[in-house]
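Trainee: Pasting a predicted model and its sequence here:
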Amino acid sequence: MTLPLTLSPPAPAADDVALALQGDRRAFERLYRANVDRVFSVCVRMVGDRARAEDLTQDVFVRCWEKLGTFRGDAQFSTWLHRLAVNVVLNDREAEARRRDRHDDGIEDLDTIAAGDVRPLPVPGLSLDLEQAIATLPPGAKKVFVLHDVEGYTHEEIGEMLGVTAGGCKAQLHRARMLLRRMLTR
């Protein structure tokens, strides 16, 4: 007589968060596996460089392990982690700007909009996909576009993250959309 094999269902994310808070590394690994693709996607869209996005994804999860005690459970864990990922990328950009010893608040002066603002396409004549087009946007416009149109943040939330007004975010979003339209309709 054989006994039926019963497998316990995988622990829900809330259980894994509670276990990880107690120091359970296996629970944290399950959280990592459940969320790594989404975190990587956020990072690659914000930096436009897959190798850099991989490094930042790892940084996000290191930071997550360090900051897990600050998770209050007011939102879903994935929402909290997404916000953490955005903050890690933004902090990395700020650190990079400091390393280059230049001051750049990340939002370009809207008076400088010109046709020459968009970097040339790598291979002229080939159709351009949206990911490539986003990668060619100026840094400030790209940040606002990704945070608003891709990730779904409001102008007010983006303004808080970037330290600018909601109106500035709206102007950058308009700029990004116009530049993308121009690039994608060539």
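Mentor: Received, thanks.

Trainee: quick one, what contacts Lys170?
Mentor: His155 (Cβ atoms under 8 Å, 6 or more residues apart in numbering). Backbone N, C-alpha and C define where each C-beta goes, glycine included.

Trainee: wait, Gly167
Mentor: Gly167 neighbours (Cβ under 8 Å, 6+ apart): His155.

Trainee: mind pulling up the phi and psi values for it?
Mentor: phi -60, psi -40 (degrees, to the nearest 10).

Trainee: That one and His155: what is the separation?
Mentor: 8 Å (Cβ to Cβ, to the nearest Å).

Trainee: do the same with Leu130
Mentor: 21 Å.

Trainee: And for Leu162?
Mentor: Distance from Leu162 to His155, by Cβ to Cβ: 10 Å.

Trainee: Give me the common contacts of those two.
Mentor: Common contact partners of Leu162 and His155 (Cβ under 8 Å, 6+ apart): Cys169.

Trainee: and the nearest residue to Val150 once chain neighbours are set aside, what does it touch?
Mentor: In this structure, Val150 finds its nearest non-sequential neighbour in Arg45, 5.6 Å apart by Cβ to Cβ, 6 or more residues apart in numbering. Going by Cβ under 8 Å, 6+ apart, Arg45 touches Glu131, Ile134, Val146, Val150, Glu151.

Trainee: out of those residues, which are buried?
Mentor: Listed as buried from these are Ile134, Val146, Glu151; burial here means 16 or more other Cβ atoms under 10 Å.

Trainee: Next SSE downstream of the lowest-mean-pLDDT helix or strand in the chain?
Mentor: Lowest by mean pLDDT, DSSP states H and E among the helices and strands of the chain is helix 130-135, with a mean of 80. Remark: after helix 130-135, the chain's next helix or strand is helix 139-145, criterion DSSP states H and E.

Trainee: what helices or strands is that following helix leaning on?
Mentor: On a contact count with 3 or more Cβ pairs under 8 Å, 6 or more residues apart in numbering; DSSP states H and E, helix 139-145 meets helix 130-135, helix 155-162, helix 166-184.

Trainee: For the first one, give me every contacting residue.
Mentor: Outside of helix 130-135, the residues within contact range by Cβ under 8 Å, 6+ apart are Arg45, Gly48, Leu121, Pro122, Lys142, Phe145, Val146, Leu180, Met183, Leu184.

Trainee: pretty sure the fifth one contacts Leu179?
Mentor: Same thing as Lys142. No - applying Cβ atoms under 8 Å, one finds Lys142 not in contact with Leu179, separated by 9.5 Å.

Trainee: Leaving out sequence neighbours, find the closest residue to the spatially most central residue of the chain.
Mentor: Centroid check for the chain by Cα atoms, centre = their mean gives Val42 as the closest residue, at 3.2 Å. By the measure of Cβ to Cβ, 6+ apart, the closest residue to Val42 outside its immediate chain neighbours is Ala85, 4.8 Å from it.
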